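Chemist: I'd like to go over a predicted model; first the sequence, then the structure.
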Amino acid sequence: MALTRVALVALGSISIPSSDLRPQALSKSNTKSLIGFNCRRNLVTLYQPSLKRSVFSDGDLASLHPLCSAGNASVDENSNSSGSTVSGAKETKRRGRSKKTDVQKGEIPVARRKKNLEADQSENGVLQVSDGETDNVSNEKPFGVHMFPYPSAVPSQSSLFLFDNISDVSNAVAKHVTGLSVQAIRSQGSFTLVLSGGSLVKALSALAENPHLSNIEWEKWHVFWVDERVVPISHQDSNYNNAKEEFLSRVPIPDDQVHTISTWDDANTAAQGYEHSLRELAKKKILATTTISRRKFPRFDLILLGIGPDGHIASLFPNSAVMAENKRWVVPITKSPKPPPQRISLTVQCINSAAHVMFIVLGASKAEVLQRVFERPALPGALPAQMVQPNEGDLSWFIDKDAASKLAIASWSDPKKFPFFDWSSLNQSKTSIGKATSS
Ligand SMILES: O=C1O[C@H](COP(=O)(O)O)[C@@H](O)[C@H](O)[C@H]1O
């Protein structure tokens, strides 16, 4: 019990910086659909300030969103008119936000843009998502079990946000990314973003629209890819091409800061070439690095991940040998089960070195795999998405209701169905054996 408390107190200092999903950006109907969870390893806590408390029974969950009720009833738009919130340890105050939604691209000087965005940031660097009511997370209780992560030296934190549709997801993602961009630029002068391919890119549409389009300091962005297919960059299978059409062509990031991967050769050469260019950028300090087990890895500010129906992330497919790679930053894939067969991918170790990792999962075709990721343990490597546990960063999931439709969220608090496992007991077990009789 004591161990549980320790873990929960830690929830009071959620370190995700101002993802800022405040309701000003969410329309009234949007706020109905938002559910926020904070997870620390296998703990999930859910907050809703309008209930003036932050611990929920299953009944509360059912009233918050139909997806949380045991029967997964169809969505009742009126079931929750208050929206939910994730807030920091300090009281959240609604602050004034300048209305610039109609400001055209480039019209706001950089200094003013910064000021406007700073006004949007949370106090104390703590995530504060609010519908204007207040909440305090310092005495949370565990809500349930979250995923089946593999232990690592430093527990990471994660959050799960659930929305009705892709447009709500896109708005929330845009605000989250904007917040991280502001924070990175403020602390180090640039923002390094890593894109995935596939359906995820569509969820970036709100980022390329006002107010984000005008507010973001695009000239300080560097864009990378978590994986690429070995096809010409103009090919319809190219992740670059996909991102260019859906997102990059709509935002003013300088061309030389869009780090396309040369894929004219075979996968081996392309992987070596990409790793080489990343290492060069690290030497030039354009890319930060971090050390894990005495090896250097790039520390991207944010990696955006999708998930395939088989649980693959990037181009890392279930049970492939490259899942175990812990030296290289980039690996070649020559027999991808999903076409095209030749690809390159950042490694799990590389992904877990990022400061922030965000999954964006949309659509019913992802419902089953999401259930496996959150509710079924798998052997290491069998479900690549479960291996995403940033070493010194945070993980967030932005999910629409179709993708979440098979999650038994209402049962997550049932210890019989989802046994609570306290990872901190692993660290303490050596010293606590002797104490067992005295307590
Ligand atoms: O092949 C790939 O698939 C995953 C998932 O794509 P989705 O279309 O099913 O969302 C994607 O994240 C990855 O970048 C891509 O190369």
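Modeler: Thanks, I have the structure now.
Chemist: Which positions in stretch 372-384 come out as buried?
Modeler: 372-375, 378, 381, 383-384 (16 or more other CB atoms under 10 Å). Yep, even glycine has a C-beta here, placed from its N, CA and C like the rest.
Chemist: can you list the residues you listed in JSON lines and add secondary structure, distance to the ligand and pLDDT?
Modeler: What follows is the buried residues of stretch 372-384, written out as JSON lines (DSSP: H, G, I helix; E, B strand; the rest coil; distance: CB to the nearest ligand atom, whole Å; pLDDT from 0 to 100):
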{"residue": "372", "secondary structure": "helix", "distance to the ligand": "15", "pLDDT": "88"}
{"residue": "373", "secondary structure": "helix", "distance to the ligand": "13", "pLDDT": "86"}
{"residue": "374", "secondary structure": "helix", "distance to the ligand": "17", "pLDDT": "82"}
{"residue": "375", "secondary structure": "helix", "distance to the ligand": "20", "pLDDT": "79"}
{"residue": "378", "secondary structure": "coil", "distance to the ligand": "18", "pLDDT": "75"}
{"residue": "381", "secondary structure": "coil", "distance to the ligand": "17", "pLDDT": "84"}
{"residue": "383", "secondary structure": "coil", "distance to the ligand": "14", "pLDDT": "88"}
{"residue": "384", "secondary structure": "helix", "distance to the ligand": "10", "pLDDT": "92"}
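Chemist: What is the nearest of those residues to residue 222?
Modeler: Checking the buried residues of stretch 372-384 against residue 222 with CB to CB, the nearest one is residue 384 at 25.2 Å.
Chemist: That closest one and residue 348 touch, don't they?
Modeler: Yes. With contact defined as CB atoms under 8 Å, residue 384 reaches residue 348; the gap is 7.2 Å.
Chemist: Give the intersection of the neighbour lists for those two.
Modeler: By the contact definition CB atoms under 8 Å, 6 or more residues apart in numbering, residue 384 and residue 348 are jointly contacted by 316, 323.
Chemist: Mind giving me the packing neighbours of the longest helix anywhere in the chain?
Modeler: The longest helix of the chain (DSSP state H) is helix 166-188. Judged by 3 or more CB pairs under 8 Å, 6 or more residues apart in numbering; DSSP states H and E, helix 166-188 is in contact with helix 28-33, helix 110-120, strand 157-163, strand 191-195, helix 212-215, strand 302-305, strand 356-361, strand 394-400.
Chemist: Who are the packing partners of the third one?
Modeler: Strand 157-163 sits against helix 28-33, strand 35-40, helix 166-188, strand 394-400, with contacts defined as 3+ CB pairs under 8 Å, 6+ apart.
Chemist: Low-confidence regions, the stretch 51-200 of the chain specifically.
Modeler: 51-158 (pLDDT under 70).
Chemist: Which part of it gets nearest to the ligand, residue-wise?
Modeler: residue 198 (2.3 Å; CB to the nearest ligand atom).
Chemist: got it, and the stretch 251-400 of the chain?
Modeler: Nearest to the ligand in the stretch 251-400 of the chain, going by CB to the nearest ligand atom, is residue 306, at a distance of 3.0 Å.
Chemist: about what we covered before: out of the buried residues of stretch 372-384, which is nearest to residue 283?
Modeler: When the buried residues of stretch 372-384 are compared against residue 283 (criterion: CB to CB), the nearest one is residue 384, at 29.6 Å.
Chemist: so how far is residue 304 from that closest one?
Modeler: 15 Å (CB to CB, to the nearest Å).
Chemist: Same question for residue 331.
Modeler: 19 Å.
Chemist: For these two, indicate the residue with more neighbours.
Modeler: Neighbour tally, residue 331 and residue 304, criterion other CB atoms under 10 Å: the higher count belongs to residue 331, 27 against 22.
Chemist: Make sure that one is actually in contact with residue 322.
Modeler: Yes. Residue 331 is within contact range of residue 322, at 4.3 Å (criterion: CB under 8 Å).
Chemist: Identify the contacts common to those two.
Modeler: In contact with both residue 331 and residue 322: 345, 347, using CB under 8 Å, 6+ apart.
Chemist: hey, where'd the strands end up in this protein?
Modeler: 35-40, 43-46, 144-145, 157-163, 191-195, 221-225, 227-229, 289-292, 295-298, 302-305, 330-333, 343-346, 356-361, 394-400 (DSSP state E).
Chemist: Can you tell me which of these is packed in deepest?
Modeler: Across the strands of the chain, the average number of neighbours (mean count of other CB atoms under 10 Å) peaks for strand 343-346, which reaches a mean of 30.
Chemist: Which residues are in contact with residue 246?
Modeler: 201-202, 204-205.
Chemist: can we see that at 10 Å?
Modeler: Listed by CB atoms under 10 Å, 6 or more residues apart in numbering, the contact partners of residue 246 are 200-205, 208.
Chemist: are any of those residues buried, and which?
Modeler: Buried among the contacts of residue 246 (16+ other CB under 10 Å): 200-201, 203-205, 208.
Chemist: In helices, which of the residues you listed fall?
Modeler: Going by DSSP H, the helices hold none of the buried ones among the contacts of residue 246.
Chemist: Which one of the residues you listed is nearest to the ligand?
Modeler: Once CB to the nearest ligand atom is applied, the member of the buried ones among the contacts of residue 246 that ends up nearest the ligand is residue 200, at 5.5 Å.
Chemist: isn't that closest one right up against residue 359?
Modeler: Yes. Here residue 200 lies in contact with residue 359, judged by CB atoms under 10 Å, at a distance of 8.8 Å.
Chemist: Quick check: neighbours shared by those two?
Modeler: Contacts common to residue 200 and residue 359, judged by CB under 10 Å, 6+ apart, are 304-307, 398.
Chemist: and the least confident of these?
Modeler: Least confident of those in the model: residue 398, at 92.
Chemist: wait, doesn't that residue sit right on residue 370?
Modeler: No. Taking contacts as CB under 10 Å, residue 398 lies outside contact range of residue 370: 12.0 Å.
Chemist: Overlap of the contact sets of those two?
Modeler: 359, 361.
Chemist: Show me which residues of this structure sit near the ligand.
Modeler: 196-200, 227, 239, 306, 308, 314-315, 338 (CB under 6 Å from any ligand atom).
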